[in-house]
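Student: Structure, please.
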Amino acid sequence: MSFPVTKADKCFLYDSNDNVYIDLIGGISVSAVGHSHPRVVDAIREQAGKYLHVMVYGEAVLAPQVRYAKMLVDLLPSSLDNVYFTNSGAEAVEGAMKLAKRYTGRTEFIACHHSYHGSTQGAMSIFGDESFRNAFRPLLPDVRHISHNNMADLQHISAHTAAVIVEVVQAEAGCLVPGREWLLALREKCTETGTLLIFDEIQSGFGRTGTLWAFEDYGVVPDVLLLGKALGGGMPLGAFIASKAVMDTLTYQPILGHMTTFGGHPVSCAAGMAALEVILEDRLVDGVAGKSELFRSLLRHPGIKEVRGKGLMMAVVLESFDAVLKLIDGICLKNAAQPTNKIGVFTDWFLFAPDCVRIVPPLNIDEDSIREACRIILQELENI
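Tutor: From the prediction side, this is the model:
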């Protein structure tokens, strides 16, 4: 399935044949405020007219970085008060892993089976699937994998563990939601062993699950928070966030413990800040639960086994990967090509849940578009 995108606006994509697609992927959680939002576009233009890249951290103080960092920490628990911007989510993972080793003096990392944290070598080392990892070995040593939401596996966290890195909602496993008790026990075990708890909210952050940060709904605060995707408002941007006391360990022995040339690019920070302002001022998070429920109420069909997930981070479970591929192809290309229709639905599947269809649309998708997307999905299921 592929088509040439010529334009994107709100929750719609357009191709060179004048077909329209309702976007249920949103760049995989990137386009939280939809495509080409005027406030984001204006912020990009304004900052581009002032300056682009100037200098890496230190010598030059870049106002977009400072303002955005301040905005983020004001929306986070007081212990998460220091922001290090990177180019991407994967680079945020790399920085956080170095930070954990430097702060704890330990080398062991624990991540979850079927987790996805990026494809750079450190992130690949904690990648939750051996078939992916094995192709690029040797990778980092001292990495252990546990099962998400499994109480018994928490025993593996010890005084040798530098950090446990988990997604609050496991994205590529098909939007698996943990129990509150498991996250609380995870937090307690990390505190007990002096292990840093790192939450990867690269996909789940910025209102995706119905709260601004997914961890808010569980009453558990991480030691390090990873952000990306929606962080840049459609521009490339990532970040790892911790307390200043923890982050300061990257400032000595050596003096520059972590470096980046383009991390926190002024245009990316300006775009991300504008997008976050839209999320807050338009109260988009308040509408997530209702839109999620609308999807769930409409997506009822004998071919749908389950709709799972949290907020607008959902997986529609079908009978097989073959059914998923047929549905995706049908609702996207075949449906859009109909002379009387000219509208399709754009979505995809998950790395570790190939029997699931992904639903992570822009948070400001309107109800009419939700209804139309679900109508097309149900209609195509009749042909599978």
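
Student: pLDDT of the longest strand along the chain, averaged?
Tutor: Assignment by DSSP state E gives strand 161-167 as the longest strand of the chain. For strand 161-167, mean pLDDT rounds to 98.

Student: do stretch 186-205 as well
Tutor: In this model, stretch 186-205 has a mean pLDDT of 98.

Student: buried set for that stretch?
Tutor: For stretch 186-205, a neighbour-count test (16 or more other C-beta atoms under 10 Å) marks 186-187, 189-190, 195-205 as buried. Every residue, glycine included, has its C-beta placed from N, CA and C.

Student: likewise stretch 29-39?
Tutor: Neighbour-count burial for stretch 29-39, counted by 16+ other C-beta under 10 Å, picks out 29-35, 37, 39.

Student: Quickly name whichever of these is closest to Thr261.
Tutor: Sorting these by how near they are to Thr261, with C-beta to C-beta, puts Val30 at the top with 22.0 Å.

Student: Help me confirm that the closest one comes into contact with Gly234.
Tutor: Yes - the criterion here is C-beta atoms under 8 Å, and Val30 meets it with Gly234 at 6.2 Å.

Student: ok so, going back, each with direction, which strands does the longest strand of the chain pair with?
Tutor: Strand 161-167 has the following strand partners under DSSP bridges: strand 108-112 (parallel), strand 196-200 (parallel).

Student: so after that strand, what's the next helix or strand?
Tutor: helix 180-193 (DSSP states H and E).

Student: how much does that following helix deviate in direction from strand 108-112?
Tutor: Angle between the axes of helix 180-193 and strand 108-112 is 180 degrees (criterion: axes from the mean of the first three to the mean of the last three C-alpha atoms, to 10 degrees).

Student: Determine the set of other helices and strands touching helix 180-193.
Tutor: strand 161-167, strand 196-200 (3 or more C-beta pairs under 8 Å, 6 or more residues apart in numbering; DSSP states H and E).

Student: Indicate which one of those is closest to Gly311.
Tutor: Across the helices and strands packed on helix 180-193, Gly311 has its closest neighbour in strand 161-167 (14.2 Å, C-beta to C-beta).

Student: Now find how far off-centre that closest one is within its chain.
Tutor: From the chain centre to the centre of strand 161-167 is a distance of 17 Å (C-alpha atoms, centre = their mean, to the nearest Å).

Student: Also stretch 313-332?
Tutor: Chain-centre distance of stretch 313-332: 21 Å, with C-alpha atoms, centre = their mean.

Student: repeat for stretch 154-164
Tutor: Using C-alpha atoms, centre = their mean, the offset of stretch 154-164 from its chain centre is 25 Å.

Student: For it, buried residues please.
Tutor: Buried, per 16+ other C-beta under 10 Å, within stretch 154-164: 154, 157, 161-164.

Student: got it, and stretch 257-270?
Tutor: In stretch 257-270, counting by 16+ other C-beta under 10 Å, buried: 257-258, 260, 262-270.

Student: Now do the same for the residue nearest the centre of the chain: helix, strand or coil?
Tutor: Centroid-nearest residue in the chain, with C-alpha atoms, centre = their mean: Gln203, separated by 1.2 Å. Three-state assignment for Gln203 (DSSP: H, G, I helix; E, B strand; the rest coil): coil.

Student: sorry, back to before: could you dump the buried residues of stretch 154-164 into CSV with distance to Phe346 added?
Tutor: CSV is the format used below for the buried residues of stretch 154-164 (distance: C-beta to C-beta, whole Å):
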residue, distance to Phe346
Leu154, 39
Ile157, 40
Thr161, 41
Ala162, 40
Ala163, 36
Val164, 35
